[in-house]
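> Predicted model follows, preceded by the sequence.
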Amino acid sequence: MTDSASPDAPLILWLRREFRLSDHPALSAAVATGRPVIPVFVLDELVEDWGAAPKWRLGEAIAAFDAALRAKDSRLVLRRGPALTVLRALARETGAAAVAWTRAYDPATRNRDATVKAALKDDGLEVTSHPGHTLAEPWEIETGQGGFYKVYTPFWKALRARGVPEPDRAPAKIPAPAGWPASDSLADWRLGAAMRRGAAVVAAHAHPGEARARDRLHRFLSDKVAQYADDRDRIDLPATSGLSENLTWGEIGPRTVWHAGLRALEDGGRGAETFLKELAWRDFAWHLCYHAPDLATTNFREDWNGFGWRRDNREAEAWRRGLTGEPLVDAAMREMYVTGTMHNRARMVVASYLTKHLLTDWRVGLRWFEDCLIDWDPASNALGWQWVAGCGPDAAPYFRVFNPETQAEKFDPDRRYRDAWIAEGRARPAATALSYFEACPVSWGLAPDEAYPDRIVGLKEGRERALAAYAEK
């Protein structure tokens, strides 16, 4: 900040994935300065590159957060273009003296932010970045040797012992500038364009906004946490919190969830510690993404670099469309296309099927999830795919091949999940199963009255082929 800057000069709060008022250190710090605060979201080239479902869900998050801000006599300013160009222009227009944001940890964002911070400081602006995306900053938890953790269990123990700060409360008031800068129209951005007709179908299953996220957390801790440790892998039961969607968009803060889970644990919630461990797994993913920035593009274990993964192929396309002839796999892929989410146990099964039964490169699956998930989290997505494929940190043993039939018998014993998502061959298909045909591209030419496909690979055949390939690795 230059010496001549007025103490009443505004502060630009650059939002990225933190669309909430509480548990928001950057917002709290901005309000504490006493300056007028101008919240802004920049649709830059990094965001333009996102997949169809994440970009659509971003629009929902923006709309909900703008409404929450307006209830406090503030608003969210929207601008499109390179981040540095946009922020410089806003600073000139508003006379802003400072810019603040919440830190992110993927390599592209870190590189962009470093460039923006240096340039804005050179312009004479005060620039600050704040925590808030994770329970702990990725560099704050170290091994005894000073390195980063590559195995989850010791990471969890270190995080648990370190503790997590209490979340900030939402500010009572957000100081507004004397005049608001012009804003783009959210509708004009057409963030849902790539979803085509699927957007209306997925919208029925999304829960955008901080209020709905907090309601989800409350209902989970009130009604489900006691059975969570026992039921969380049951894909036929509504046993999980569903908060991955809201955590992805920062509609609820991780510290809020953590301390609510701790209170449930102290109150005797039997599954609360398991729930906290799942929340910590998200931190573990970001810890790894920070220290191993190629996590989403390169085998974490270098000895896998010579493995003969198949590139994209016809069987992988059948997998994408939910037409493998393997009911559990197809049900899960269709659930994702209709709801934008997928049960975590089902994610493991479909990832194992693609990488092992079909011997297809894990990055093919990673990119499809990146396009279809409304809870797409770059770090968790990358870690999950590498973990299942066997080439990642703390990976499942390479010889572990999930058998979709036995997984279905164990975690969908009454076929409720498969029946909810597979329409073919049923006289009265479930509405959810039919909705897949409303969401999928017309060009696929699919209809619910067609015959269900035969298996594209036998389960025993696929397992043996995978194990033979791994043995030669």
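Sure, I can see it.

> in which helix or strand would I find the nearest residue to Asp412 once chain neighbours are set aside?
Closest residue in space to Asp412, ignoring its immediate chain neighbours: Asp236 at 4.6 Å, by C-beta to C-beta, 6 or more residues apart in numbering. Just so you know, the C-beta spots here come from the backbone N, C-alpha and C atoms, and that holds for glycine as well. Counting by DSSP states H and E, no helix or strand carries Asp236.

> do you know how far Asp236 is from Arg418?
Separation of Asp236 from Arg418 (C-beta to C-beta, to the nearest Å) stands at 9 Å.

> And for Val47?
Look at Val47 and Arg418: by C-beta to C-beta, they are 36 Å apart.

> got it, and Arg197?
For Arg197, the distance to Arg418 - C-beta to C-beta - is 25 Å.

> okay, and the common contacts of Asp236 and Arg418?
The contact sets of Asp236 and Arg418 overlap at Asp412 (C-beta atoms under 8 Å, 6 or more residues apart in numbering).

> Any idea how far apart the tips of stretch 423-438 sit?
With C-alpha to C-alpha, to the nearest Å as the measure, stretch 423-438 spans 12 Å from end to end.

> contacts for that stretch?
By C-beta under 8 Å, 6+ apart, the residues outside stretch 423-438 that reach it are 197, 201, 322, 334-335, 337-338, 419-422, 446-452.

> Give me the mean pLDDT for it.
The average pLDDT within stretch 423-438 is 97.

> Where is the longest strand in this structure?
In the chain, taking DSSP state E as the definition, the longest strand is strand 37-43.

> May I have the strands that pair with that strand, each with its orientation?
Strand pairing for strand 37-43, using DSSP bridges, gives strand 11-15 (parallel), strand 77-80 (parallel).

> just so I know, which of these lies nearest Leu467?
Nearest to Leu467, of all the strands paired with strand 37-43, is strand 11-15, at 47.7 Å by C-beta to C-beta.

> Show residues contacting that closest one.
For strand 11-15, contacts defined as C-beta under 8 Å, 6+ apart pick out 26-27, 30, 33, 35-42, 65, 76, 83, 87, 90-91, 94, 96-102.

> who touches whichever helix or strand comes after that strand?
Toward the C-terminus, strand 11-15 is succeeded by helix 25-32 as the next helix or strand (DSSP H and E). Residues outside helix 25-32 that contact it (C-beta under 8 Å, 6+ apart): 11, 13, 18, 21, 37, 100-102, 128-132, 168, 171, 173-175.

> Keep only those of those that are in strands.
Those of the contacts of helix 25-32 mapping onto strands are 11, 13, 37, 100-102, 128-130, per DSSP E.

> related to what we said a few turns ago, generate a ChimeraX selection restricted to the buried entries among the contacts of helix 25-32.
Filtering the contacts of helix 25-32 down to the buried ones (16 or more other C-beta atoms under 10 Å) takes a single ChimeraX command:
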select :11,13,18,21,37,100,101,102,129,130,132,168,171,174,175
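
> Could you find the closest non-adjacent residue to Gly271?
Per C-beta to C-beta, 6+ apart, closest to Gly271 is Tyr228, 3.0 Å.

> Now do the closest residue to Asp44 other than its chain neighbours: how many residues are near it, please.
Distance criterion C-beta to C-beta, 6+ apart; nearest residue to Asp44, sequence neighbours excluded, is Ala83 at 4.6 Å. Ala83 has 23 neighbouring residues, counting by other C-beta atoms under 10 Å.

> got it, and Glu409?
Neighbour tally, Glu409, other C-beta under 10 Å: 12.

> how near is it to Leu328?
Shown here: Glu409 relative to Leu328, a distance of 10 Å by C-beta to C-beta.

> ok, the residue lying closest to Glu210 once chain neighbours are set aside - contacts?
The shortest distance from Glu210 to any non-neighbouring residue, by C-beta to C-beta, 6+ apart, is to Arg20 (4.5 Å). If a contact means C-beta under 8 Å, 6+ apart, then Arg20 has 65, 68, 210, 213, 250-253 as its contacts.

> One more pass at 7 Å, please.
Going by C-beta atoms under 7 Å, 6 or more residues apart in numbering, Arg20 touches 210, 250-253.

> out of those, who's nearest Leu359?
Gly250 (37.1 Å).

> Can you give me every residue that contacts the residue nearest to that closest one when sequence neighbours are not counted?
Excluding its sequence neighbours, the residue lying closest to Gly250 (C-beta to C-beta, 6+ apart) is Glu18, at 3.5 Å. Neighbouring residues of Glu18 by C-beta under 7 Å, 6+ apart: 24, 102, 132, 250.

> mind redoing it with 10 Å?
Contacts for Glu18 (C-beta atoms under 10 Å, 6 or more residues apart in numbering) come out as 24-27, 61, 65, 101-102, 104, 130, 132-133, 249-251, 253.

> Trp444 now?
Contacts of Trp444 (C-beta under 10 Å, 6+ apart): 317, 320-321, 323, 437.

> Adding secondary structure and neighbour count, write those residues out as TSV.
Converted to TSV, the contacts of Trp444 look like this (DSSP: H, G, I helix; E, B strand; the rest coil; neighbours: other C-beta atoms under 10 Å):
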residue	secondary structure	neighbour count
Glu317	helix	13
Arg320	helix	20
Arg321	coil	18
Leu323	coil	21
Phe437	helix	20
